[in-house]
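1. Build the 3D model from these lines:
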Amino acid sequence: MSLKEGARVVVETCMDVKEHDRVVIVCDEETEAIGKALRKAAQEITPHARFFKLEIYGNRPMEALPDQIAKSAKDATVTFWTARSYEGELETIRWPFINNALVAGRHAHLVNVTDDVFERGMAADYAQIKKFTEKIYRLLKETDKLIVKNEQGTDITVTFSDTIKWILSTGINHQPGMWINLPDGEIFTAPKTIEGRIVVDGVIGDYLGHKYHHKDLQESPITLDITTKDRPMITDVQTENEDLQDDFEEYIERHQCSKYIGEFGLGTNTYLKELVDNMLQDEKFPGVHLSVGDPMPQQTGASWTCPEKMAMILTKCDVWFDDKKIMEDGEYLIHP
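-> Numbering: from 1, shown residues only. The predicted structure is shown next:
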C-alpha cells in the first residue's frame, strides 16, 4: 500500500472526513511526506484543511504548543498528529494538542509513524478488526480475572473495575470527543489490581523506544515486579543492561504516578505478523501490552492522571480469561 492509498484509508475510512469538516494536520521534518499525503487526501474532500510542520515554530523538543496550532486544533473537527516523540513533549505539546483537538472534534494520533509503518499498518480490513475487537470485549465483560504467563517469566493476575471502561480502539473514529492511535486494533483499560511479575522482551515506548529496540530487549529483558496498594505499581526493576536500567528507573521516578500501571491492553490487529520496533504499530500486534503512567482518564474514566505514559510489550504470552485460555504463545485461540 502506498502513502497515497494509506492516507485515503485514514481520512475516508478511519476518520470519515466530510466536506464540512475542518481538518488540522501536524507533522515534523521526519513525517512530512505522510503529513502531506494526509493533507492531499483531506483536500480531495474538504476545502478546510490546515497543515503545520513543528520545526517552523522552534527547535525540538518544544517547551510549549505554538498558539496558532493550539487555536487551530480547538477550532477543528478532525485532527491528525504524525510528529515524532521527544523527551518531555508528551506533557508540553502532545497532551495540550489532543486536549484542544477534542473540544469540538475527533483525533487520530500517529506519533512516530514511519513510511513503512503507515503503508503496512493501514493495509488492513478495519471492519474485520472492529468485529474481532468487539468479540474480545464480550468475553472480557464476563471475566473476573485475567492471567498472563510466558516462558520468559511473566506471571501476573489482573482484575478490573466495573466503573472503569474497556476502550475498543478499532481504527474507526467517527465520534466527536474521541481519539484513536493509527495504525489501530486493540482493547485496553486501566486495571484495578495486578499482582506478580512481567518480563518485557518486546518493545518499549515513548522516547526510550528510539534508543532501545526489540533486539536489545530480547538480549536483556526488563523484569518488573508489580503489586497493588491503592493502584497497581512497579516495586522492582531488573535488567542486565545497565544503561536501560538507569533510563527506565529515571523514567518511572519522575513522579509518583510514573510507577503506576495505567493501562493493560490486548492487541487485536491480526493483520500484523511481526514486531517492527515502532510502538505506534507494535501495541496493536496480537498479544499483551501494559503502560506505566497515564490511564487515559478521558476515555477510561479513571480518577487520576499522569504526565508520563510509556507502553511495554510482552511476547509469546499465554492468556486466560478466568479458566478459558484465549491465547497461547502469543496467538489467539479464538477466531477473528
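2. For Lys284, which residues are in contact?
-> 121, 181, 183-186, 267-269, 272 (Cβ atoms under 8 Å, 6 or more residues apart in numbering). The way it works is simple: take the backbone N, C-alpha and C, and place the C-beta from them, glycine included.
3. let me fix that: Gln68
-> Applying Cβ under 8 Å, 6+ apart to Gln68 gives the contacts 52, 57.
4. List the buried residues of the helix or strand where it lies.
-> In this assignment (DSSP states H and E), Gln68 forms part of helix 67-75. Neighbour-count burial for helix 67-75, with 16 or more other Cβ atoms under 10 Å as criterion, is recorded at 69-70, 72-75.
5. quick one on the thing from earlier: which among the contacts of Lys284 gets closest to Ile326?
-> The shortest approach to Ile326 among these belongs to Thr268, at 11.4 Å (Cβ to Cβ).
6. how deep is that closest one tucked in, by neighbour count?
-> 29 (other Cβ atoms under 10 Å).
7. Would you check how far apart it and Lys36 are?
-> Separation of Thr268 from Lys36 (Cβ to Cβ, to the nearest Å): 30 Å.
8. Check which helices and strands the longest helix belonging to the chain sits against.
-> Ranked by number of residues, the top helix in the chain under DSSP state H is helix 126-141. With contacts defined as 3 or more Cβ pairs under 8 Å, 6 or more residues apart in numbering; DSSP states H and E, helix 126-141 has these neighbours: strand 167-169, strand 186-189, strand 324-328.
9. let's see it at 7 Å
-> When contacts are defined as 3 or more Cβ pairs under 7 Å, 6 or more residues apart in numbering; DSSP states H and E, helix 126-141 sits against strand 167-169, strand 186-189.
10. Next secondary structure after the shortest one?
-> Read it as strand 167-169. strand 179-181.
11. Over to the last one?
-> Proceeding N to C from strand 186-189, the next assigned helix or strand is strand 193-200, under DSSP H and E.
12. and whatever helix or strand comes next after that next one, which residues are buried?
-> For strand 193-200, the following helix or strand on the C-terminal side (DSSP H and E) is helix 214-219. Of the residues in helix 214-219, those buried by neighbour count under the rule 16+ other Cβ under 10 Å are 214, 216-217.
13. Go through those residues and name the one nearest Ala7.
-> Using Cβ to Cβ, His214 is the member of the buried residues of helix 214-219 that lies nearest Ala7, at 27.2 Å.
14. surely that closest one meets Val203?
-> Yes - if you go by Cβ atoms under 7 Å, His214 and Val203 touch, sitting 5.6 Å apart.
15. Touching both of these two, which residues are there?
-> In terms of Cβ atoms under 7 Å, 6 or more residues apart in numbering, His214 and Val203 are both contacted by the residues 275, 277.
16. possible to save the contacts of Lys284 as a markdown table with pLDDT and distance to Gly196?
-> Putting these into a markdown table (pLDDT from 0 to 100; distance: Cβ to Cβ, whole Å) gives the following:
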| residue | pLDDT | distance to Gly196 |
| --- | --- | --- |
| Gly121 | 84 | 31 |
| Asn181 | 89 | 27 |
| Pro183 | 90 | 30 |
| Asp184 | 93 | 28 |
| Gly185 | 95 | 26 |
| Glu186 | 96 | 22 |
| Gly267 | 97 | 20 |
| Thr268 | 96 | 23 |
| Asn269 | 94 | 26 |
| Leu272 | 91 | 27 |
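17. ranking those by neighbours, who comes first?
-> Within those, most neighbours by other Cβ under 10 Å means Pro183, with 32 neighbours.
18. check contacts around it.
-> 117, 121-122, 269, 280-281, 284.
19. helix/strand/coil for it?
-> Following DSSP: H, G, I helix; E, B strand; the rest coil, we place Pro183 in the coil state.
20. can you check Lys284 too?
-> Relying on three-state DSSP, one would call Lys284 coil.
21. can you give me the offset of the longest helix of the chain from its chain's centre?
-> Taking the mean of its C-alpha atoms, helix 126-141 sits 17 Å from the chain's own mean (Cα atoms, centre = their mean, to the nearest Å).
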